[in-house]
Each structure stands twice: as structure tokens, then as C-alpha cells.
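Engineer: build me a model:
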Amino acid sequence: MDNQVKSTGGLLGDAMGHVSSLVRNEVDLARAEISENAKKAAIAIGMLVGAVVIALTALNVLSAALVAALTEAGIEAGWAALIVGGVLAVVAFIMVSKGTKDLKATNLAPTRTARNVKRDAEVIKETYHDR
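Structural biologist: Residues are numbered from 1 along each chain as shown. The predicted structure follows:
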């Protein structure tokens, strides 16, 4: 009977050690995944800041083009500025679209860690359920 208590205690100690190690590993994985997602978010924010700068430039160029077009009544320089401003506006739109898509919460969630934790919980449940 005494050996059975020790072996049960030993098994419980081993199980707790494995669970503790598993939890540490999952926390490390979550930390790494969150860091990786934070880098993606920083890049997306950089894209949005770049888009704002380009959009402001586009507004300035388009404003200058409109002024030039109105004051010079069809001089080519005004239309050239209008084309440049339009191209910059398209570039800004593309950057905003990409940046906002990359910032969606589903892209930032630690999905690998959640999947691993769920799998580990199922394995632990099956292991102790069978005993």
C-alpha cells in the first residue's frame, strides 16, 4: 500500500512537472507570436502614416493643379500637376487599403498558440480520462 501511495505521488509530481513545462512553453510561444504580430502591426501603421503623407502631398499637388488650371486656362503645366496628384491619390488609396487590412484583429491574434493550447488540453483530458 505504501509503494502504491509513493508511485501515485510520483506520478502526480511527474504530471505536475509536465503541465508546468507545457504551460511555460505555451507562454513562450504566445510571447513570440505576439511579438511577431506586433511587428506586423508596426509595419501596417507605417504604411498608414506613409499613406497620410502621400495623401497630403496629393492634396497639395491637386490644389496647385486646380489653381494653375484656373489661372492659366489650360496651360500644360497645370494638367501635368493634375495627373501627378491623381497618381499620388491612387497610391495613397492602395496603401490605406493594405494597411487597414493588415491591422484587422484576426490577423493579430495569436492563433498558433490558441491552437496548441487547445490541442494540449485535449491530450491532457484524454490522458487523465483514460486512467
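Engineer: nearest residue to Gly50 other than its sequence neighbours?
Structural biologist: Leaving aside its chain neighbours, Gly50 sits nearest to Met95 (5.8 Å; criterion: Cβ to Cβ, 6 or more residues apart in numbering). Just so you know, the C-beta spots here come from the backbone N, C-alpha and C atoms, and that holds for glycine as well.
Engineer: what about Ala89, how many residues close to it?
Structural biologist: Residues near Ala89, counting by other Cβ atoms under 10 Å, number 17.
Engineer: flag every buried residue along the host helix or strand of it.
Structural biologist: Here Ala89, judged by DSSP states H and E, is contained in helix 76-102. By neighbour count on 16 or more other Cβ atoms under 10 Å, the buried set for helix 76-102 is 78, 81-82, 84-85, 88-89, 91-92, 95-96, 99, 102.
Engineer: pLDDT weak spots in the protein?
Structural biologist: Residues of the chain meeting the criterion pLDDT under 70: 1-6, 67, 70, 73-75, 105-109, 127-131.
Engineer: switch the cut-off to 50
Structural biologist: Applying pLDDT under 50 to the chain flags residues 1-2.
Engineer: hey, which helix is longest across the chain?
Structural biologist: helix 2-72 (DSSP state H).
Engineer: who does that one touch, helix- and strand-wise?
Structural biologist: helix 76-102, helix 105-108, helix 111-130 (3 or more Cβ pairs under 8 Å, 6 or more residues apart in numbering; DSSP states H and E).
Engineer: what angle separates the first one from helix 2-72?
Structural biologist: Between the direction of helix 76-102 and that of helix 2-72, the angle (axes from the mean of the first three to the mean of the last three Cα atoms, to 10 degrees) works out to 170 degrees.
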